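Q: what shape does this take:
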Amino acid sequence: MNNTTKLRWGILGAARINERLMPAIVEASNAELVAVASRRPGAAAQTLAQYAPQQQQVRTYDDLEALLGDKEVDAVYLPLSNREHAEWTLRAIEHGKHVLCEKPMALTAADIDAIKAAAQRHKVTVMEGFMYRFHPQHARVRELIDSGLIGEIRSVRSSYSFMMRPARIYRLAENIENGGGAMWDIGCYAIHSARMFFDEPAVSVTAIAKYVESGADIATSGIINFGDGKYAHFDFSFERARRCEYEIIGTKGGIKCHNVWCMPGDAPVISWWTEDGEPNEEWLPAANHFKLEIEHFSDCVLNGNAPKLSLDDAKANCQIIVAALESAATGQLVKLA
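A: Numbering: from 1, shown residues only. So this is what the prediction gives:
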């Protein structure tokens, strides 16, 4: 580890998400971009020139292992294809790198167990990259819940969708087993955000899905049972108008987050209602959750703090995803506990 106040980052892949993450690393107060790698010749240099042209000292590699061997890289952001996340997270850990892995961290809970064991063995920090959790609007939602405004939480509904564009059709090229489809792309958000408001572990999952020729799901809906009449309803699709919202219903009222995927310039809005009062709406200051995620992870590494999103959280999310996929494929309810 370097002795400065900035964590030195490398990016392992030239994925489209770099449009958001690369500037976030550059702008973060406690981070420094030092290297980018891709297996496609020239892609790392092209991505750097496109999204961070002012960064003249950043090294580019046409080989992923070369970046992992760079001793001046402390941590890596990993945006490779879903089926490669676990493999390359483990490779990065073996090189002593801290890892921020784009969601989903892995396609099986067993892989997350292996990642946790390796991270503990090599004493590195690893976190799944759900950037939305770092936006202040969700802390405000939690504050309202903790105030008792809506009473005891009984249900959560999460809805994520957008119309598939030709540039994104690759998301449906692989089957579900290889990380393709809506579940592994946006469904993990729907399940993760629904779980955020329940302290209890999930008891069972039931789901239905529509599939395309490759074996990928293009739309899936389902219910997570948390016991005692507490449910999370999730719905996501690549063939519906844009939605990225969740709604929490309690015994006294409800709260809605209208735009979970807020872009840096967006002013987020949350609304709530109670049975004994008027409906309310609150506009919050714009914030860049990508930058806040990078700053949080960098702070955790530099100061030895535990990440906000633990590997146990990643495993719990993966287990529900796998159960939902099994339920959709078999038409049966799948028990988790």
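Q: from here on, contacts and neighbour counts on C-alpha atoms
A: Will do.
Q: the chain: helices as residue ranges?
A: 18-27, 43-51, 64-68, 85-94, 109-122, 136-146, 182, 188-195, 289-303, 311-330 (DSSP state H).
Q: quick one: closest of the ones you listed to residue 240.
A: helix 182 (11.9 Å; Cα to Cα).
Q: what does the closest one rub up against?
A: 171, 172, 216, 217, 218, 219, 220, 236, 237, 238 (Cα atoms under 8 Å, 6 or more residues apart in numbering).
Q: repeat that for stretch 210-217.
A: Contacts for stretch 210-217 (Cα under 8 Å, 6+ apart): 172-176, 180-183, 209, 218-220.
Q: then stretch 5-15?
A: 2, 25, 29-39, 43-44, 47, 64, 67, 72-80, 298, 301-302.
Q: list only buried entries from those.
A: Buried members of the contacts of stretch 5-15, scored by 16 or more other Cα atoms under 10 Å, are 25, 29-38, 43-44, 47, 64, 67, 72-80, 298, 301-302.
Q: what's the spacing between residue 123 and residue 236?
A: Residue 123 sits 37 Å away from residue 236, going by Cα to Cα, to the nearest Å.
Q: show me which of these two is the more surrounded one.
A: residue 236 (29 against 13; other Cα atoms under 10 Å).
Q: doesn't residue 220 make contact with that one?
A: Yes: counting by Cα atoms under 8 Å, residue 220 is a contact partner of residue 236 at 5.7 Å.
Q: which residues do these two both contact?
A: Joint contacts of residue 236 and residue 220 (Cα under 8 Å, 6+ apart) are 182, 183, 187.
Q: ranking by neighbours, what's the top pick from those?
A: residue 183 (28 neighbours).
Q: stretch 159-176: end-to-end distance?
A: End-to-end span of stretch 159-176 (Cα to Cα): 20 Å.
Q: just how off-centre is that stretch within its chain?
A: 16 Å (Cα atoms, centre = their mean, to the nearest Å).
Q: again with stretch 123-140
A: 8 Å.
Q: residues making contact with it?
A: Identification of contacts with stretch 123-140 by Cα under 8 Å, 6+ apart yields 93, 96-105, 116, 119, 189, 257, 260-262, 268-270, 284, 287-290, 292-293, 297, 300-301, 306-307, 309-311, 314.
Q: next, the buried residues of it.
A: 124-138.
Q: so residue 44 touches residue 51, yeah?
A: No: between residue 44 and residue 51 there is no contact under Cα under 8 Å: 10.7 Å.
Q: all strands for the stretch 101-250 of the chain, in order.
A: Assigned by DSSP state E, counting those that start in this stretch, the stretch 101-250 of the chain shows strands spanning 126-129, 153-161, 204-211, 217-225, 231-237, 243-250.
Q: most centrally placed residue in the protein?
A: residue 130 (2.4 Å; Cα atoms, centre = their mean).
Q: per-residue pLDDT, that one?
A: We note a pLDDT of 97 for residue 130 in this prediction.
Q: can you check residue 4 too?
A: We note a pLDDT of 65 for residue 4 in this prediction.
Q: check the one 5 residues further on too.
A: Reading off the per-residue confidence, residue 9 sits at a pLDDT of 98.
Q: residues near it, how many?
A: Residue 9: 27 neighbours (other Cα under 10 Å).
Q: tell me the contacts of residue 94?
A: 118, 122.
Q: tell me if I'm right that residue 36 and residue 60 touch.
A: Yes: using Cα under 8 Å, residue 36 is in contact with residue 60, at 4.9 Å.
Q: so what sits against both of those two?
A: Listed as contacting both residue 36 and residue 60 by Cα under 8 Å, 6+ apart are 44, 45.
Q: domains in the chain, by residue range?
A: Domain assignment for the chain by automatic domain parsing gives 7-132, 135-290+318-335.
Q: residue 23 against residue 51, yeah?
A: Yes: counting by Cα under 8 Å, residue 23 touches residue 51, with 6.6 Å between them.
Q: quick one, which of the contacts of stretch 123-140 are buried?
A: In these, burial by neighbour count holds for 93, 96-105, 116, 119, 189, 257, 260-262, 268-270, 287-290, 292-293, 297, 300-301, 307, 309, 311, 314, counting by 16+ other Cα under 10 Å.
Q: quick one: residues contacting the nearest residue to residue 184 once chain neighbours are set aside.
A: Closest residue to residue 184 apart from its sequence neighbours, by Cα to Cα, 6 or more residues apart in numbering: residue 104 at 6.5 Å. By Cα under 8 Å, 6+ apart, the contact list for residue 104 reads 82, 85, 128, 129, 184, 185, 188, 318.
Q: shaky segments in this structure?
A: Filtered on pLDDT under 70, the chain yields the residue ranges 1-4, 167.
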